[in-house]
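**Q** 3D, please:
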Amino acid sequence: MKIDLGDVLVTPFKILSEKWTILVPIFIALAIQLILDVSMRLTGRRLWGISFSTATFFVSIILEIITYFLLAWQTTLFKEYGEEDLSESFSKVSEKFIDVAIVAIVVGFLVGLGTLAYIIPGLILAIMLVYSPSAVVVKNMGASEAIKESFDFVFKRGNLVQTIVLLIFVYVVAFIPVVGPYISTFLMMLW
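**A** Numbers count the residues shown, from 1 in each chain. Next comes the predicted model:
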């Protein structure tokens, strides 16, 4: 199955115009991001008495797990469009929490390691693994199967260019001063 960019860009907004409940995971992600931004600005380079780099490390791991969980929840809501129920979809995703957390940690570690290796390997891994949390809930896979499925979806099914275009768009939007990261989070959760 190939990605149709036009469909990917338009369909989520059509669905959102009909069902606002699908926005709940997005608003939770935006609220978490806002709280972390404000707390980091208010506390300066020290967060809760811990050195900045240590706090950033642990906060980023926790934030990545939460983000992947919310992304999986968002995917479930879109998948069940028309018959979605927030509590029911949340419980479905909660059953897969361990797999989503493992995917988040593995993907975060690999992309971080790849970024340390001259950035390009990190970008390649980010592109390759971007669909992993969706595969956990949509195809009911374990963590390792979801990572393999994401790789297959991007490379073996011819979705590399479309994935790169979507990620570049989201990352460019993130550079808009003040509101960019929030808009980027919103768009990433939709696509």
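**Q** Output the lowest mean pLDDT helix or strand found in the chain.
**A** Ranking every helix and strand in the chain by mean pLDDT, DSSP states H and E puts helix 180-190 at the bottom, with a mean of 69.
**Q** just checking, next helix/strand downstream of the longest helix along the chain?
**A** Counting residues, the longest helix found in the chain (DSSP state H) is helix 52-79. The first helix or strand that comes after helix 52-79 along the chain, using DSSP states H and E, is helix 86-95.
**Q** follow-up on the earlier one: show me what the longest helix of the chain packs onto, helices and strands only.
**A** helix 24-43, helix 86-95, helix 97-116, helix 132-138, helix 180-190 (3 or more CB pairs under 8 Å, 6 or more residues apart in numbering; DSSP states H and E). Just so you know, the C-beta spots here come from the backbone N, C-alpha and C atoms, and that holds for glycine as well.
**Q** F27 and T21, how far apart?
**A** 11 Å (CB to CB, to the nearest Å).
**Q** swap in L36?
**A** 25 Å.
**Q** ok, now V136?
**A** Relative to T21, and taking CB to CB, V136 is found at 21 Å.
**Q** Ok, G180 next?
**A** Going from G180 to T21 by CB to CB gives 26 Å.
**Q** now swap in P181 and tell me
**A** The value you get for P181 to T21, if CB to CB is used, is 24 Å.
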